[in-house]
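Novice: Please find the sequence and the predicted model below.
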Amino acid sequence: MARSSEHRTSGYTGRTRSGRPAWRRGPLVAALTGLAGAVAYVRWVKPGHDRWGATDEDVAAMLPGDDLVPEPATQVTRAITIDAPPQDVWPWVVQIGADRGGFYSYTWLENLFGLKVRNAQRIVPEWQELRVGDVVRATRDRGGGWYVMGLEPGEALVLQLADLEAGRPARREDPAGWEFLWTIALRETKDGRTRLLLRERVAFRNQLVGRLTAPVGEVSYLMSRRMLFGIKVCAEGRASGTGAAPTEGS
């Protein structure tokens, strides 16, 4: 047996049939696998994430604020149906903000980035006042946020990424290289329920900035999906009188 083993291994040269050293094949295989994974993600996974829960009608609809970023590089529309009328959903929407009612999403993930967010589990009267020009904070330390660009009670809240130092919405020409619009729209269904839509429109200074910020899209998908569910649970709990709300840190 020993002779047989020696005979089998003695001819091994460390090369593939093509004559290339075997150690060089590993990085090539890894690169091709990564490329295939990226292509599969862009082709099959990302389109579903970008329109999670949304119908063709939702995606095609013109929403308030669309004109603020007229030629986006990316538009995302996600949606959910809530078993409550818009008047029971709006109070939860209007109090969003890191220093207000939170974002009804994964606080553990938000706080991993030091945002110090807490999700409200009740409607707070002093958070119901919001006006065009106000800032909805992304962090409690007032380090960033969105300007309120439009507000139609019970119908839509339009937010645009803020350049707080300049005192205006961020522009694609700025050093960061992108502008971001976020619209939360409520539509009453024929049976008196609410269709809640979240839309993002993003424009970049150039393709490089778009590629560098691409991972943000997946974080947005996770957070937006959870936010839709969070608002749904809050509004349906209030409508039914159970007071149900997402648990802190969920």
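Specialist: Yep, that arrived.
Novice: separation between the residue positioned nearest the centre of the chain and R193?
Specialist: Most central in the chain under C-alpha atoms, centre = their mean is S220, positioned 1.7 Å from the mean C-alpha point. In this view, S220 and R193 are 25 Å apart by C-beta to C-beta, to the nearest Å. From N, CA and C alone the C-beta is placed, and that goes for glycine too.
Novice: Is the residue nearest to the centre of the chain within a helix or a strand, and which one?
Specialist: helix 214-240 (DSSP states H and E).
Novice: on contacts alone, who are the packing partners of that helix?
Specialist: helix 46-50, strand 74-82, helix 86-94, helix 107-112, strand 194-204 (3 or more C-beta pairs under 8 Å, 6 or more residues apart in numbering; DSSP states H and E).
Novice: For L186, find the nearest of the ones you listed.
Specialist: When the helices and strands packed on helix 214-240 are compared by C-beta to C-beta, helix 86-94 sits nearest L186, at 4.5 Å.
Novice: rewinding a little: excluding its backbone neighbours, what's nearest the residue nearest to the centre of the chain?
Specialist: Using C-beta to C-beta, 6 or more residues apart in numbering and skipping the chain neighbours, the partner closest in space to S220 is E200 (6.5 Å).
Novice: which residues touch the one you found?
Specialist: Residues in contact with E200 (C-beta atoms under 8 Å, 6 or more residues apart in numbering) are T74, Q75, V76, F180, L181, W182, S220, S224.
Novice: which residue sits closest to the first one, ignoring its sequence neighbours?
Specialist: Take T74 and drop its neighbours on the chain: the residue closest to it by C-beta to C-beta, 6+ apart is V202, 4.6 Å away.
Novice: any idea how far V59 is from the one you found?
Specialist: V202 is 16 Å from V59, where distance means C-beta to C-beta.
Novice: Those two: which has the busier surroundings?
Specialist: Each of V202 and V59 has its neighbours counted (other C-beta atoms under 10 Å); V202 has more, 22 against 16.
Novice: For that one, give me the pLDDT.
Specialist: Looking at V202, its pLDDT stands at 93.
Novice: So what pairs up with it in the strands?
Specialist: T74, F180 (DSSP bridges).
Novice: how about it, what does it touch?
Specialist: Contacts of V202 by C-beta under 8 Å, 6+ apart are V69, P72, A73, T74, Q75, W178, E179, F180, L181, T213.
Novice: Next: Q95.
Specialist: Contacts of Q95 by C-beta under 8 Å, 6+ apart are G101, A120, I123, V124, W127, Q128, L130.
Novice: now do 10 Å
Specialist: By C-beta atoms under 10 Å, 6 or more residues apart in numbering, Q95 lies in contact with 101-102, 104, 120, 122-130, 136.
Novice: gap between it and R51?
Specialist: Going from Q95 to R51 by C-beta to C-beta gives 27 Å.
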